[in-house]
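In: Sequence and computational prediction follow.
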Amino acid sequence: MDFVKVQGLSNDFIVIDGPYVPDPLDVVRWCERRTGVGADGVLVIEPIDSGRMSMRYWNADGGEAEMCGNGLRCIARLGYDREWVTSRTFVVETAVGDHEVTVHEDFVRAFVGVANPFRTETLSIAGYRVHPFAIGNPHAVIFVDDVDEAPVDTVGPEIEHDAMFPNRTNVEFVQVMDDGSITARIWERGVGETPASGTGATASAYVAHTFGGLTIPIVVHLRGGALIITFDDRGAWMEGPAEIVFSGTLD
């Protein structure tokens, strides 16, 4: 079975043409970095018509997620390069709705979705104030004074598996910078700490704007690079790079 390896800000994925539903054990095996291809997850994509394509996403632990922001940009680049669509602006269908994308030469602009609180209150977990928002998939955003010293590896999994989140959650540790940007570290459910997350960056920017008063657009600095997040009447948008790395064949 043929695949393509893609990456956005070092958040990397194995892409397979559908229709196909991978076995979760295969996803784990393929994503293993020493004995497999190595990836944060698996994307299955299909062309629909000249202006639409679809994607489904499985995390590296084999669990299917609602959406993937960095993956969205990457498969938009791939679909455009394959000439599945006839315009640089088209629609990607996901489990949580349609996402408009525009493929530029050096970056991809994508509609992420509408941020909604999936809990009505700010939570207190592991000694931190946690802002729970869903944007494509669930996120728990925490403000910290120094993101480099944040206990991502210990508090991240504790919050991910907290009973407040029956489907588990991604966790973002966010520091507001003096220039009005933010720096974030991402604990991704089913993966661990990742160098970047498109929906995680968007959730971080939304909370920083809503509760911290930051002016949009907001630059979100991640371990793998930076995304630009904006908001309008439709919802949230992100701009960032997307790269096709190599192709191969899965056993």
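Out: It's in. Residues are numbered from 1 along each chain as shown.

In: from here on, contacts and neighbour counts on C-alpha atoms
Out: Will do.

In: what's the helix or strand for residue 203?
Out: Using DSSP states H and E, residue 203 maps to helix 198-212.

In: Quick check: next helix or strand after that helix?
Out: Counting by DSSP H and E, the element after helix 198-212 in chain order, helix or strand, is strand 218-222.

In: so for that next one, what's the average pLDDT?
Out: Mean pLDDT, strand 218-222: 98.

In: In CSV, list the C-alpha atoms belonging to whichever helix or strand comes after it.
Out: Using DSSP H and E, the helix or strand that follows strand 218-222 in sequence is strand 225-231. The C-alpha coordinates for strand 225-231 follow below in CSV (Å, rounded to 0.1, in the frame of the first residue of the first chain):
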residue,chain,number,x,y,z
GLY,A,225,7.9,27.0,14.2
ALA,A,226,5.1,29.6,14.1
LEU,A,227,1.5,29.8,13.0
ILE,A,228,-0.6,33.0,12.5
ILE,A,229,-4.1,32.7,13.9
THR,A,230,-6.9,35.1,13.1
PHE,A,231,-10.6,35.2,13.9
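
In: Packing partners of the helix holding residue 203?
Out: helix 69-81, strand 128-135, strand 137-143, strand 170-176, strand 182-188, strand 218-222, strand 225-231, strand 236-240 (3 or more C-alpha pairs under 8 Å, 6 or more residues apart in numbering; DSSP states H and E).

In: in the stretch 1-150 of the chain, what spans have low per-residue confidence?
Out: Counting by pLDDT under 70, the stretch 1-150 of the chain shows low-confidence ranges at 119-120.

In: if we go to 80?
Out: Residues of the stretch 1-150 of the chain that meet the criterion pLDDT under 80 lie in 117-121.

In: Write down the beta-bridge partners of residue 229, one by one.
Out: For residue 229, the beta-bridge assignment (DSSP bridges) gives partners residue 218, residue 238.

In: Residue 42 versus the closest residue to residue 123 other than its chain neighbours, what's the distance?
Out: Using C-alpha to C-alpha, 6 or more residues apart in numbering and skipping the chain neighbours, the partner closest in space to residue 123 is residue 130 (4.9 Å). With distances taken as C-alpha to C-alpha, to the nearest Å, residue 130 is found 29 Å from residue 42.

In: hang on, the earlier thing: please identify which of the helices and strands packed on helix 198-212 is closest to residue 105.
Out: Distance to residue 105, taken as C-alpha to C-alpha, is lowest for helix 69-81 among the helices and strands packed on helix 198-212, at 9.6 Å.

In: After the closest one, heading C-terminal, what element do we hit next?
Out: Next along from helix 69-81, by DSSP H and E: strand 89-94.

In: Partner strands of that next one, with direction?
Out: Strand 89-94 has these partner strands in its sheet, going by DSSP bridges: strand 52-59 (parallel), strand 97-103 (antiparallel).

In: Same list (these) but as CSV, adding distance to residue 201 and mean neighbour count.
Out: What follows is those, written out as CSV (distance: least, C-alpha to C-alpha, whole Å; neighbours: other C-alpha atoms under 10 Å):
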stretch, distance to residue 201, mean neighbour count
strand 52-59, 17, 23
strand 97-103, 17, 19
